[in-house]
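Student: Here is my input, please return the structure:
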Amino acid sequence: MANVQSLDPSASPLDYYGWELRRQREASGLRQGQLGEIIFCTGSLIGQIETTKKVPTRDFSERVDAALGTDGVFSRLVGLVLRSQLPTWFQPYAEMEARAAYISTYQAQLVYGLLQTEEYARAVLATGMPDDLEGLVAARLERQRILQRDRPPLAWAILDEAALYRPIGGREVMRRQLTRLLDFTGHRWMRIQVLPFAAGEHASLAGSFNLLRFEDDPDLVYTEDVISGHMTANPETIREAALRYAHLQAAALSVEDSAALITRVMEERYGDRSRPEERAVA
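Tutor: You can find the predicted model right below:
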């Protein structure tokens with residue numbers, strides 16, 4: 001196991017977190033196992049986080065703050081730690097997403113990342129065969145916290161109907177994911193529309209994209225290819241993206257009809273499939 005004393009706290013947010021955790025723990029006169037007992041985890045986990053072998057979660061950080069009386073230090077630091085776990089090429093976008101006043105997205109294949117359940121996100125991220133899947137999942141869930149602010153960004157998501165049918169993670173995972181989408185019905189800051197198969201050819205057959213708007217900065221368009229992401233503030237690109245998004249909104253089902261379709265797919269495709277004889281007995 002790596003020696004915490006050799007960690008450079010300036011090397012990364014994760015290194016600083018581990019270094020600071022050990023410093024605060026020792027200042028409180030606690031061994032790893034003792035702190036673990038207080039916050040209901042193993043001393044081994046404490047040691048792994050102190051040596052950057054494991055990425056801390058927000059729940060862990062909040063419990064450490066309560067146990068050590070550190071006035072929210074770790075709860076604040078964990079946001080930086082989790083953001084640093086995102087792929088390097090994605091981090092600039094995540095920073096801009098967190099600052100956006102308005103987010104509009106069209107997703108051709110998957111449920112939008114800010115709307116994904118933990119299980120769905122894990123299944124999606126596992127396809128990239130990452131070295132630290134749990135760190136990526138925790139980072140994605142941390143991104144979603146922007147929707148929990150007192151004044152979150154106004155967000156508008158258009159999901160292709162294909163995203164409702166693609167069984168990411170299996171039947172139960174999809175049922176819970178579609179239930180999550182329905183939880184946003186009537187939400188003040190989030191609107192979800194579905195672009196139905198019946199729309200045929202449409203304005204974004206080339207793929208998914210996000211359009212970010214800010215109070216003081218230029219608008220941005222974000223797209224991804226198979227291995228990286230791309231942001232641009234080019235005015236012509238912004239204008240084209242806005243026009244295409246307007247056409248997508250016009251072709252999509254209304255928010256109410258979209259919720260009805262999500263409900264129908266959830267029940268018909270991912271509903272309870274007990275054996276016929278069991279249903280007959282019931």
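
Student: What lies in contact with stretch 258-276?
Tutor: Contact partners of stretch 258-276, identified using CB atoms under 8 Å, 6 or more residues apart in numbering, comprise 161, 164-165, 167, 171-172, 174-175, 178-179, 181-182, 185, 192-194, 196, 252-253, 282. In this view, the C-beta of every residue, glycine as well, is placed from N, C-alpha and C.

Student: Could I have the PyMOL command that selects the buried members from those residues?
Tutor: Typed into PyMOL, the line below selects the buried ones among the contacts of stretch 258-276, using 16 or more other CB atoms under 10 Å:
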select buried, resi 161+164+174+175+178+181+185+192+193+194+196+252+253
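
Student: and the contacts of stretch 258-276, which of them are in strands?
Tutor: Among the contacts of stretch 258-276, DSSP state E puts Ile192, Gln193, Val194 in strands.

Student: just checking, Val64 touches Gly18?
Tutor: No. The criterion here is CB atoms under 8 Å, and Val64 misses it with Gly18 at 11.8 Å.

Student: if we can go back for a sec, which among the ones in strands among the contacts of stretch 258-276 gets closest to Leu86?
Tutor: Within these, the smallest distance to Leu86 is 23.9 Å, found for Ile192 (CB to CB).

Student: Next up, the contacts around the closest one.
Tutor: Counted by CB under 8 Å, 6+ apart, Ile192 has contacts Leu115, Ala157, Ile158, Leu159, Leu181, Phe184, Thr185, Val255, Ser258, Ala259, Ile262.

Student: And for Val137?
Tutor: Residues in contact with Val137 (CB under 8 Å, 6+ apart) are Glu118, Ala121, Arg122, Leu125.

Student: Quick check: the two most widely separated of these?
Tutor: Spatial extent of the contacts of Val137 (CB to CB) is set by the pair Glu118 and Leu125 at 10.5 Å.

Student: between these two, which one's more packed in?
Tutor: Taking neighbours as other CB atoms under 10 Å, Glu118 and Leu125 compare with Leu125 leading, 19 against 15.

Student: The more buried one: what's its closest spatial neighbour, skipping adjacent residues?
Tutor: For Leu125, ignoring the flanking residues on the chain, the nearest one in space by CB to CB, 6 or more residues apart in numbering is Leu136 at 4.8 Å.

Student: For the one you found, report the pLDDT, please.
Tutor: Confidence at Leu136, expressed as pLDDT, is 93.

Student: quick revisit: keep only those of the contacts of stretch 258-276 that are in helices.
Tutor: Applying DSSP state H to these, the entries found in helices are Leu164, Tyr165, Arg171, Glu172, Met174, Arg175, Leu178, Thr179, Leu181, Leu182.

Student: State the distance from the closest residue to the third one other than its chain neighbours to Glu37.
Tutor: Translated: Arg171. In space, and not counting its chain neighbours, Arg171 is closest to Tyr270: 5.1 Å by CB to CB, 6+ apart. Tyr270 is 41 Å from Glu37, where distance means CB to CB, to the nearest Å.
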